[in-house]
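Participant: A predicted structure for the sequence below; I have some questions about it.
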Amino acid sequence: MNRRAQILLNLERRLSAPAETLMDTLDVGAKTIANEIHGLNESFAGAATIRLDQGRYRLWVLDRDRYTRIRAELVHGTRSLNDPDTRIGYILNRLVRAGGPVTTEDLAREMSIGRSTAIVDLAKLRDQAEAYGISILGRPHAGIELNADEFALRLFLLDHHFQAVYSGYPVDDELAQPLDAAVAEFNLSVQAAGESRRWYTVLLDRVLLGHGLTGLTSDYEKVRELPAYDFGKRVADAVAARLQLPLDPAEAVFLALPIAGMHTPGDDSRLEHFPPAEETRALVHQILDEIASEMDVHIPPTAMLKEFVHHVTFMVNRLRFRVQLPTSWDFEAGFPGLNSTAAADLRTAYPVAHRMAAIAARLIEREVGVRVAEEELGFIATYFQVFLEERRTSTAPTHRVAVVTRVGRVSARLVQLQLEKIMAKGTQYTLLSLDETTPEILDAHDLVVATTTEPLTTSAALIRLAEVFDRNELLGHINRLRYDRQADMPLGAGARSLVVSMLDQQRFMTLDPNLDYRGNLEAMIDRLVRLGLLTEEFRARLAEREERATMALDPYVAFPHATLPVGAKKVVFAMGVIPRSVGEDGLRVIFLMGIPEKADYDDTILVDIYDEIIRLASDRAGLDRISRLTTYEQFFFHVVNNPEYLKEG
């Protein structure tokens, strides 16, 4: 922003200012200030004047309408008006500050654009404002003006056009002090302080223009019960004293809102002033119970869970009170938000966590009565992904690996050094030559890595490698090693997919398109019972689970799963495809899974299977092709040829 605009904005805020203050603010000398003020007086040409009075520069406005137009040109003229969003912000700023109707001819002339372009921009502004209950009255030729509830207008400015209206808006040290003091007292983060500063700037501007809040709807009375209200009231009382203007109690509520809905700080000390309500703690436990019931994935209490309770608290406040986090990095706001594109990326990167977030959102909407936006869904998914990763890390087993070579320790040591680059710290290695191996020695290990082709007798997982091998390929097998004793999955079989590894020709089935979901599911269970893999008790358990929660991931894919009878140690997994033509409605794939009792297996296998199935389900065209496959071999190579079904790492 140019110096003249900065001088003008400073004088508007301060009402008067000594030359020294303007010199310090702009870091220039007295002569430069005098020259810039002379230029300002020429620009205003009688609509306003700035004079030195008793050592202070003062601004007098003689013609409010002309002053508003000229001011807008000075303040916003340095910005590029080739951008439609900038022009729309300019129009809004003019309407907000105008003392009467504004014509489109005036707007077009000020922005150096055609009148038709101004009319198009105005139409876009009308569409944006309509969602806030704001209307633009009048006719373009005769003049237009805003018709807006004050609170709605403030939200509209904050959500969409803060930069256009308030970029460079000066808040001098005296007026900044009440906010800065409260920020320090409540130990707010940089992000929360930046957001509160935006709201505070809007409040100052509107109050000084004579547009204070005079009341809010009854829904906002609940804000007075929140810890954030103490912050808002402290700032409102202090700034009222500084301005020597009475402020309606609604202004304290307004200043509390960005704190009530702030981004959750990561520092526990910053959360002490904002304890969550017991009802929020209960809501979070409901969410975890719902996820456990529907997905059979259990999230244990962790330190992160405490932060998640706070996150839900702030999020519910945002949704209840229409507080939006900024959607991009903004110097004025001080922190980045999560826009819809980023939220979609999270859905792709973390499909299981996103499904958990969808369950949480559904429950919040039911219990609290607020709709969870897509951006908020992304934040929830991020927390759940952290929970899942923490769980995976905390339950990761320490593997015992035997490295078998034909002769000598040097070759075995070379393999070990390469394995150490991809296996977890703490892995224990035993280096053996071929003549040192016995079934008893090998059975004491979780994995046997052999660089020899001679037969080895062992119950441990066995992978044969050359002394130099594909580390990325091996990593996929190593990641599944934790499931080796839970499911029949031959390591080193060339399939990185967990789903593919758990299937074979017997457990891949072609189902009847004329049967409904229940009929085809019963057919799958019948076959697995005949194979001796499932029992009638499992059938009953699955039916009971389906009464509690749907097993359909969407209209095309179902993932029914339930616990196996007591004593079962291995996961049972099967897949059924239902032939469908392209565009035909109906279920296409059923994945059926039996899992041991919770104490007997690592449920991260369920999370990983969910991950692959959800990725597969997101490929609608691929599902059509899968539904028409007839053999396990065809499915094997379909997955091999579509690596996007597999998560990285």
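Facilitator: Now that the structure is in, tell me what you want to look at. Residues are numbered from 1 along each chain as shown.

Participant: can we go C-alpha only for contacts and neighbour counts from here?
Facilitator: Fine.

Participant: hang on, isn't Asn147 packed against Leu137?
Facilitator: Yes: if you go by Cα atoms under 8 Å, Asn147 and Leu137 touch, sitting 6.6 Å apart.

Participant: Please work out how many residues are found near Thr393.
Facilitator: If you count neighbours by other Cα atoms under 10 Å, Thr393 ends up with 9.

Participant: What residues of the lengthiest helix in the chain count as buried?
Facilitator: Ordering each helix of the chain by length in residues (DSSP state H) puts helix 374-395 first. Buried positions in helix 374-395, judged by neighbour count with 16 or more other Cα atoms under 10 Å: 374-385, 387-388, 391-392.

Participant: those strands in the stretch 101-250 of the chain, which residues are they?
Facilitator: Applying DSSP state E, counting those that start in this stretch to the stretch 101-250 of the chain gives strands spanning 135-139, 143-147.

Participant: Determine the set of other helices and strands touching the last one.
Facilitator: If I follow you right, that is strand 143-147. When contacts are defined as 3 or more Cα pairs under 8 Å, 6 or more residues apart in numbering; DSSP states H and E, strand 143-147 packs onto helix 84-97, strand 135-139.

Participant: nearest to His310, of these?
Facilitator: Closest approach to His310 among these (Cα to Cα): helix 84-97, 34.7 Å.

Participant: hang on, the earlier thing: select, out of the strands of the stretch 101-250 of the chain, the one closest to Asp172.
Facilitator: strand 143-147 (28.9 Å).

Participant: Output that closest one as PDB, nothing but the C-alphas.
Facilitator: Extracted in PDB, the C-alpha atoms of strand 143-147 (Å, rounded to 0.1, in the frame of the first residue of the first chain):
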ATOM      1  CA  GLY A 143     -27.800   3.600  -7.400                       C
ATOM      2  CA  ILE A 144     -27.400   0.500  -5.200                       C
ATOM      3  CA  GLU A 145     -26.900   0.000  -1.500                       C
ATOM      4  CA  LEU A 146     -26.500  -2.800   1.000                       C
ATOM      5  CA  ASN A 147     -29.400  -4.100   3.100                       C
END
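
Participant: List of residues touching it?
Facilitator: Strand 143-147 is contacted by residues Leu95, Val96, Gly100, Pro101, Val102, Thr103, Thr104, Ile134, Ser135, Ile136, Leu137, Gly138 when judged by Cα atoms under 8 Å, 6 or more residues apart in numbering.

Participant: Can you give me the neighbour number for the closest residue to the fifth one other than its chain neighbours?
Facilitator: So the one you mean is Val102. Distances taken as Cα to Cα, 6 or more residues apart in numbering place Gly143 nearest to Val102, at 4.5 Å, with adjacent residues excluded. Gly143 is flanked by 15 other residues according to other Cα under 10 Å.

Participant: and Gly143, what are its bridge partners?
Facilitator: Arg139 (DSSP bridges).

Participant: For Ile136, see how far away it is.
Facilitator: Distance, Gly143 to Ile136, by Cα to Cα, to the nearest Å: 10 Å.

Participant: same question, Thr103
Facilitator: Distance from Thr103 to Ile136, counting by Cα to Cα: 12 Å.

Participant: what's the answer for Leu213, then?
Facilitator: For Leu213, the distance to Ile136 - Cα to Cα - is 20 Å.

Participant: who's more crowded, the two?
Facilitator: For Leu213 versus Ile136, the count of surrounding residues by other Cα under 10 Å is larger for Leu213: 20 against 17.

Participant: if I pick that one, what's in contact with it?
Facilitator: By Cα under 8 Å, 6+ apart, Leu213 lies in contact with Glu150, Phe151, Asp248, Ala250, Glu251.
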